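>>> quick one, what's the 3D model for this:
(chains A and B)
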Number of protein chains: 2
Amino acid sequence: MAELPESGKRAPVDELLALVTDVFVRCGMRGDDAALLADSLVYADLSGIHSHGVLRVPEYIVKLTTGGVNPVGRPALVRDVGACLVVDGGNSMGQIGMDFATKQVIERAAIHGIAAAGIRGSNHSGAMAYYAQQAVAHGMIGIATTNALPTMAPWGGAERILGINPLGIAIPAGEERPIVFDAAFSGSSHGKIRIYGQKGWTLPEGWALDREGQPTTDPAAAIDGLLMPIGGFKGTALALIMGVLSSMLSGAAYGTELGDMESGPRPGQDGHFVAAIRVDAFEDLAVFKRRVDSAIRQIHDCRPAAGVERIYAPGELEFLRQEEYTAQGIPLNGVTLADLARAAQEVGIDAGGYGWLAG
Amino acid sequence: MAELPESGKRAPVDELLALVTDVFVRCGMRGDDAALLADSLVYADLSGIHSHGVLRVPEYIVKLTTGGVNPVGRPALVRDVGACLVVDGGNSMGQIGMDFATKQVIERAAIHGIAAAGIRGSNHSGAMAYYAQQAVAHGMIGIATTNALPTMAPWGGAERILGINPLGIAIPAGEERPIVFDAAFSGSSHGKIRIYGQKGWTLPEGWALDREGQPTTDPAAAIDGLLMPIGGFKGTALALIMGVLSSMLSGAAYGTELGDMESGPRPGQDGHFVAAIRVDAFEDLAVFKRRVDSAIRQIHDCRPAAGVERIYAPGELEFLRQEEYTAQGIPLNGVTLADLARAAQEVGIDAGGYGWLAG
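Predicted coordinates:
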């Protein structure tokens, strides 16, 4: 993600987790749910994916207090045929239902070798990698995807009817770090385009279409227009498919049924999809991991293009950031810090103990 | 796919199927296997995906006669844990093992709701949609992917170590045609780039990198260089993941282990992956189909970009071609027709009965 300028301040992970958990508890959530929600946001910041990190706290406070999400909503299995599950999030924060579904799917894949769940009655659930990656410790490949508010047109169109519907996939490795993919089917995001707009920069090609469906490099025309899919019809088709998996297997709202970017999502209507594949249902896990290690090392050893210093496997940069930020604190920009301080105050937290938060 | 100029001739589907089946029988295949192989190629031509159609016949004759593929190779289940299977193709033509695996997976998904198979001991298996689509008639979502010879670098690299590893997904609809996606994770293909080269055209942006990993619009530099992924790191990561699923769950050769574009694939080493998700393990099938119909109609009703006449759902153009070509014959270009005539002669077929084939 493109970043705002750093504030020069770093938040220690444990303190950031404690603060954000406290914020959500004061919005009426149970302690364990609040801790999970905080963990999912801090995980994204730790990975450098700040768009899905604690910058969401003010928006989440609104969801929990006046936005119609149930702070004590409980997810439940509403359909169970062994390897296939439907989870109703009970209008809890999306992370609560998705985490519940992920853990159920991992349990079921341990039995059946493969399992999947559709999730309905849900809300924004953060970074898909947070769920996909949970499968890895169990020797499984994890898959997670979600429906999102429409920001793309089908290829050839000029109307927002498709979400960028991100997909996360995680694959266990041996000595190397796991392969972790998490990306949307658009060339960019509204967040990035807004930052380019603030800086007065021209957008790279391939990011956006204007409201007539023509390519544009003007941030204002892009915000008013459409996100551009990756690979033309390929990106919109994959986004459509992720939307169908995420909403129509569980009975959640699809695309425009969920709402639009202007008025936001209708609470408790979002949907997601998670699946897990147990490697040793197919192949000896140690053999598989050795082969994944080899594929990763082949990427490291690949001759780089001019100007490229090092080639990373999918997810590797995020792991390196997690390691650095865990040791040295998470760099957060000034806007996010100010928003967090305001949020803490709003819910009645004395943030004096968090030195990194002070302006 | 970009097309060579049409010959003006159309091959009746039944005659084309009969001819190509006969060719493969004369290469030593069983009648049923030959008919399946011919059907998979003709299906691609019927869909307008000629790159995976009967233009492959000469290449397949070589595979079957001197290339090391076993014309009477038999696929077998070598691992079976209910919802998870490993199939060894027995060095049969890829279509034989993939079709066997697809039918097994559909049977298993009927029981478990979801099922998957890794396939090894295989060879080039044609268009992924041919397999994914089989699930649709059973009220299932079908998924098929394959390993391919390396033609891409990981993002930032300049060496061919990743295949474009296509993915096929098919989703049942009700009154509308099913959603069928089938595409590789590259912006284009070697076949298309060669056609641009023959015509002396400049390539569109986003198709290719030169051998130093820099974007190029020169077909010669592209052929000597790399296919460009869709969405930068997103396309290479998804290709990597499809390669892992297709080879490392079953013990097939991965990427460079399979061979290279110069010397071709090592026979009997290729791998694939298929999965099926039974919709009514999650949701009432009629409800699901109605919702998919709505999503497709929303695409049809989407305001088009300037210059666009009609917006199609994924796979719809291919269905329209199938309908037209079934009724009126399949248009084949002169090169493909000449190659077919030569192939027929080579295996001792008197092609006099096929008027559309004569030069």
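
>>> kindly state the pLDDT recorded for A:Met1?
Per-residue pLDDT puts A:Met1 at 41.

>>> ugh, typo on my part, it should be A:Asp32
Note on A:Asp32: pLDDT of 98.

>>> three-state assignment of it?
Per DSSP: H, G, I helix; E, B strand; the rest coil, the local secondary structure of A:Asp32 is helix.

>>> could you do A:Ser7 as well?
strand.

>>> so it touches A:Asn333, yeah?
Yes: checked against C-beta atoms under 8 Å, the pair A:Ser7 and A:Asn333 is within contact range at 5.5 Å. For glycine as for every other residue, the C-beta is placed from the backbone atoms N, C-alpha and C.

>>> quickly list the domain ranges of chain A.
Listed domain ranges for chain A are A:10-72+A:330-359, A:73-186+A:229-328 (source: automatic domain parsing).

>>> which residue is nearest the middle of chain A?
A:Ala127 (1.4 Å; C-alpha atoms, centre = their mean).

>>> that one reaches A:Ala44, doesn't it?
Yes: A:Ala127 is within contact range of A:Ala44, at 4.6 Å (criterion: C-beta under 8 Å).

>>> does the longest helix that chain A contains reach chain B?
Of all segments of type helix in chain A, defined using DSSP state H, the longest is helix A:94-112. Yes: counting by C-beta under 8 Å from any C-beta of the partner chain, chain B has neighbours in helix A:94-112: A:His112.

>>> right, and the helix or strand after that helix?
Proceeding N to C from helix A:94-112, the next assigned helix or strand is strand A:114-122, under DSSP states H and E.

>>> give the pairing partners of that next one; include direction for each.
Counting by DSSP bridges, the strands paired with strand A:114-122 are strand A:84-88 (parallel), strand A:270-278 (antiparallel).

>>> return the helix or strand in chain A with minimum mean pLDDT.
The helix or strand of chain A with the poorest confidence is strand A:6-11; it has a mean of 83 (mean pLDDT, DSSP states H and E).

>>> packing partners of it?
With contacts taken as 3 or more C-beta pairs under 8 Å, 6 or more residues apart in numbering or on different chains; DSSP states H and E, strand A:6-11 sits against strand A:330-333, helix A:334-346.

>>> go with 10 Å
Under the contact criterion of 3 or more C-beta pairs under 10 Å, 6 or more residues apart in numbering or on different chains; DSSP states H and E, strand A:6-11 touches helix A:13-26, helix A:316-328, strand A:330-333, helix A:334-346.

>>> among these, which is nearest B:Leu77?
Nearest to B:Leu77 among the helices and strands packed on strand A:6-11 is helix A:316-328; the distance by C-beta to C-beta comes to 36.2 Å.

>>> who are the packing partners of the closest one?
Short answer (3+ C-beta pairs under 10 Å, 6+ apart): helix A:316-328 packs on strand A:6-11, helix A:13-26, helix A:31-46, strand A:179-183, helix A:285-301, strand A:330-333.

>>> dump the C-alpha coordinates for the fifth one into PDB.
It refers to helix A:285-301. Written as PDB, here are the backbone C-alpha positions of helix A:285-301 (Å, rounded to 0.1, in the frame of the first residue of the first chain):
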ATOM      1  CA  LEU A 285       3.800 -33.100   4.700                       C
ATOM      2  CA  ALA A 286       7.600 -33.100   5.000                       C
ATOM      3  CA  VAL A 287       8.000 -33.900   1.300                       C
ATOM      4  CA  PHE A 288       5.500 -31.100   0.400                       C
ATOM      5  CA  LYS A 289       7.300 -28.600   2.600                       C
ATOM      6  CA  ARG A 290      10.700 -29.400   1.200                       C
ATOM      7  CA  ARG A 291       9.300 -28.900  -2.300                       C
ATOM      8  CA  VAL A 292       7.700 -25.500  -1.300                       C
ATOM      9  CA  ASP A 293      11.100 -24.500   0.200                       C
ATOM     10  CA  SER A 294      12.800 -25.300  -3.100                       C
ATOM     11  CA  ALA A 295      10.200 -23.200  -5.100                       C
ATOM     12  CA  ILE A 296      10.800 -20.300  -2.700                       C
ATOM     13  CA  ARG A 297      14.600 -20.600  -3.000                       C
ATOM     14  CA  GLN A 298      14.300 -20.700  -6.800                       C
ATOM     15  CA  ILE A 299      12.500 -17.400  -6.500                       C
ATOM     16  CA  HIS A 300      15.300 -16.000  -4.300                       C
ATOM     17  CA  ASP A 301      17.900 -17.200  -6.800                       C
END
